[in-house]
Structures are given as structure tokens and as C-alpha cells.
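**Q** with the input below, show me the fold.
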Amino acid sequence: MNFSVCVVAGDRKGRVGGGLGKGVDTAIAVEKATREAKKNLIKVPLSAQMTIPHAVEAKYASARIMIFPARGRGVVAGSSARTVIELAGVKDVCAKLLSGSKNRLNNARVAIEALAKLSKIPRNVLIGKPVK
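**A** This next block holds a predicted model:
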């Protein structure tokens, strides 16, 4: 009999990562998952207000997510996406899981993938609209 553990690690300052560990004992599985999560940390580009610069969508397996900035609302997200976003240190965002997937591992992975797709430049500048 083996145990499988998923760990999300973050410093609440813009870095977050996830890892999966398997072992005979839960302590061994947690240790392996933590080590892998720290190895896979990504840097999330945050503004001075600790929010994301633009909206982003991502897909991982059957899980789909949309994350967009929402000033003054706090973190509005469900399931494991909220955990990933909070551990990344992101504030004032809304996240919507667009798929019907109940797989919490894939939901966490798609949230990490969406945060990895962010760029420092606001999206309206990327598509040619002036910033007000």
C-alpha cells in the first residue's frame, strides 16, 4: 500500500509551485512532494499592489481556469485555485474554474500554469489599446 500526496508551496511574495510525492509512509510522501514543489517554483509577475497585471486563461488536462484582476474584492476563487493564488501572494483577483472537473490536483496545476503565463506588460498594451 502506497500513499500519494500533493503539496503546493509558496512564499506569498510571488513564487509558487506544486509537487506530487508517493511513498510507503505519509511522512515520506509529504517530504518528496515538498521537495518537488520547491524545485518547481515559478515567479509570478505582480504589481506594487500585489495583484496580477492582466487577465489570463489556461488549460491543463480537462481543467480550465480564468483569472482576472478585481480591485478591492480580495481573493474570489474556489477549490484548490484559492490555495495556489493565496500561496503566490496574489491579492484582489477573481478566478473561475470553467470546466466541470472536480480533480483538485488538476485544478491546482491549471492555476499554476495560468499564473506562469502572466507577463509584466498589461494585456491592453499588448493588443495595442492605450492605457488610461
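
**Q** drop to CA atoms for contacts and neighbour counts, all remaining ones
**A** Fine.

**Q** so residue 105 makes contact with residue 6?
**A** Yes. If you go by C-alpha atoms under 8 Å, residue 105 and residue 6 touch, sitting 7.1 Å apart.

**Q** ranges for the helices of the chain?
**A** For the chain, the helices defined by DSSP state H occupy 26-39, 79-88, 104-116, 123-126.

**Q** looking at these, which has the lowest confidence?
**A** Least confidently modelled of the helices of the chain is helix 123-126, at a mean of 55 by mean pLDDT.

**Q** which stretch among the helices of the chain comes nearest residue 13?
**A** helix 79-88 (6.3 Å; C-alpha to C-alpha).

**Q** that closest one to helix 104-116, inter-axis angle?
**A** 40 degrees (axes from the mean of the first three to the mean of the last three C-alpha atoms, to 10 degrees).

**Q** buried stuff in helix 79-88?
**A** By 16 or more other C-alpha atoms under 10 Å, the buried positions in helix 79-88 come out as 80, 81, 82, 83, 84, 85, 86, 87, 88.

**Q** same thing with stretch 100-116?
**A** For stretch 100-116, burial by neighbour count (16+ other C-alpha under 10 Å) applies to 105, 106, 107, 108, 109, 110, 111, 112, 113, 114, 115, 116.
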